[in-house]
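Trainee: here's my sequence, what's the structure:
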Amino acid sequence: MASANSDMRARPWPGAKVALISVCGVQSIPVSAALQRREYPGPLYPYLNPNAPPGLCLGNDFDTADKRRTVWIDSYGGVIADFYLQQNNYTYWEQEMYQILFPDEPSSTFDCLDQASHCDLNGKTCKVFEDLSWAGTFYVFQSLSNIHVFFDQYLLELNWLMGNLTLHIPVLAHEWGADAQPLNIFAMLGAAFGMASAATAAKPEISGLLGAMSAFSGFVASSLLRPDGGASRLGDVEANLAQMVLDACGSWRDQVNKISNAIYGAPNANPSDIPSTRQRPTQDVSHPSILVMGDGQWLLDHPTEHLASDFSAVEKQMQQALAWQLIRVLHHAYIVIDDAVTNSDDCAKDGNAVWDPDHRTRMTVGPLIPAAT
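Mentor: This is a model prediction of the structure:
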């Protein structure tokens, strides 16, 4: 009896290109091989568009962005997962797709919805997925596991940041408070402009923190200013800063969880919560949960590499931002950038000025208005 299985073997995925690709740098095989259905269609076949390609195993060499992109595209993992989401429920999508492939394993075997869950392949290699006729899905689950590892560590680092900032608030408040006299012009300018020299976070995921830092800095300033224009009292400032830090870090934690939930299809999650800046459109894939894995950007040997140093840079920047806002609020000081002074000799005539050789400008702090009594 003729079966749909034998019919499928002749159907390539639409838009397929026949070319040679290298597997592990050893052998070359035609890309069309990634599109040909085995006689055994595998357990995922009934849940997909009939033209979904099975994909290929292409090794684990992920040490450059170009290699990751090649593996992701030529394995067709993203295409398979996108086909799955087109025809099946978005809620718990990756857990249910894994359960279809491995029905004898507990449903909790691949669960990525919270920090405590188990989101790991348990040593499964691509060969295991190839034997199920869906080799490309290995790279999908590997990416999803790495995202979970990253977010897990991200939240731990965020807790560290919150605790460290809270511990340093009394130090900052007393160092830059209303009773801190005399104020050093060089230290003040360093607190204001040191943010530009702090290490730039390498991962795009950190950029949200850096952007939020600016909003947080302005929030601190507006919250600490007294309605009557007078100087805020140091005790009030110190009492409020800790809560502001807790609120800001709590807001970031909520945002991270919202993105994670959107990727993994948590109940009531919305795919639109996945930042468009992290989505990589390839191969006509359309679902944000798959686009976020595009170009193989999560096929990483060490997904949390540099994360701790990135957060250290953020912590330094936030302390600098808080210090400058304390100077502004408690001392009514402001920075003057004077580009009319064109050489360092003229700048030196002002004992309170600092010369910026990179921009050839003079910087100084404006009048310090006496604190209100």
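Trainee: please make it C-alpha for all contacts and neighbour counts, starting now.
Mentor: Will do.
Trainee: ok, and what's touching the one helix or strand Ile290 maps to?
Mentor: According to DSSP states H and E, Ile290 maps onto helix 288-291. The contact list for helix 288-291, computed with C-alpha atoms under 8 Å, 6 or more residues apart in numbering, reads 78, 81-82, 262-264, 271-272, 274, 278-282, 285.
Trainee: helix, strand, or coil at Phe129?
Mentor: Following DSSP: H, G, I helix; E, B strand; the rest coil, Phe129 is assigned to helix.
Trainee: any stretches of the stretch 51-200 of the chain with poor pLDDT?
Mentor: For the stretch 51-200 of the chain, the stretches flagged by pLDDT under 70 are 176-200.
Trainee: can we see that at 50?
Mentor: For the stretch 51-200 of the chain, the stretches with pLDDT under 50 are 185-186, 188-189, 192-200.
Trainee: may I have the phi/psi pair for Thr125?
Mentor: With angles defined as degrees, to the nearest 10, Thr125 sits at phi -100, psi 170.
Trainee: ok, it - contacts?
Mentor: Contacts of Thr125 by C-alpha under 8 Å, 6+ apart are Phe138.
Trainee: ok, now how distant is it from Gly136?
Mentor: Remark: distance between Thr125 and Gly136 (C-alpha to C-alpha, to the nearest Å) = 11 Å.
Trainee: count of neighbours near Val149?
Mentor: Look at Val149: counted by other C-alpha atoms under 10 Å, it has 18 neighbours.
Trainee: can you give me the strands in the protein?
Mentor: Along the chain, the segments classed as strands by DSSP state E run 20-23, 27-30, 335-338, 354-356, 361-365.
Trainee: and the longest helix for this structure?
Mentor: Counting residues, the longest helix found in the chain (DSSP state H) is helix 137-175.
Trainee: could you list the buried residues of that helix?
Mentor: Residues of helix 137-175 classed as buried by neighbour count (16 or more other C-alpha atoms under 10 Å): 137-155, 157-158, 160-162, 165-166, 169-170, 172-173, 175.
Trainee: same question, stretch 58-77
Mentor: The neighbour-count check on stretch 58-77 (16+ other C-alpha under 10 Å) flags 58-60, 62, 68-77 as buried.
Trainee: check those residues and tell me the two furthest apart.
Mentor: For these, the farthest-apart pair by C-alpha to C-alpha is Phe62 and Tyr76; their separation is 16.0 Å.
Trainee: ok, the closest residue to Pro54 other than its chain neighbours - how many residues close by?
Mentor: Spatial nearest neighbour of Pro54, excluding adjacent residues (C-alpha to C-alpha, 6 or more residues apart in numbering): Trp134 at 4.6 Å. Using other C-alpha under 10 Å, Trp134 has 31 other residues around it.
Trainee: ok, Pro103 next?
Mentor: 12.
Trainee: for it, give me its contacts.
Mentor: For Pro103, the contact set (C-alpha under 8 Å, 6+ apart) is empty.
Trainee: how near is it to Ala248?
Mentor: Plainly put, Pro103 is 43 Å away from Ala248 if you go by C-alpha to C-alpha.
Trainee: could you do Pro46 as well?
Mentor: The gap separating Pro46 from Ala248 is 46 Å, by C-alpha to C-alpha.
Trainee: between the two, which one's more packed in?
Mentor: Neighbour totals were compared for Pro46 and Ala248, and Ala248 leads with 19 against 10 (other C-alpha under 10 Å).
Trainee: other SSEs contacting the longest helix of the chain?
Mentor: Counting contacts by 3 or more C-alpha pairs under 8 Å, 6 or more residues apart in numbering; DSSP states H and E, helix 137-175 is packed against helix 77-87, helix 126-131, helix 234-264, helix 307-331.
Trainee: where among those helices is the average confidence lowest?
Mentor: The weakest mean pLDDT among the helices and strands packed on helix 137-175 belongs to helix 307-331, with a mean of 74.
Trainee: want to throw the helices and strands packed on helix 137-175 into TSV with distance to Val341?
Mentor: What follows is the helices and strands packed on helix 137-175, written out as TSV (distance: least, C-alpha to C-alpha, whole Å):
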stretch	distance to Val341
helix 77-87	58
helix 126-131	65
helix 234-264	36
helix 307-331	25
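Trainee: quick one: which of those helices is nearest Cys119?
Mentor: helix 234-264 (10.7 Å).
Trainee: buried sites along that closest one?
Mentor: The neighbour-count check on helix 234-264 (16+ other C-alpha under 10 Å) flags 234, 237-238, 241-242, 244-246, 248-249, 252-253, 256-264 as buried.
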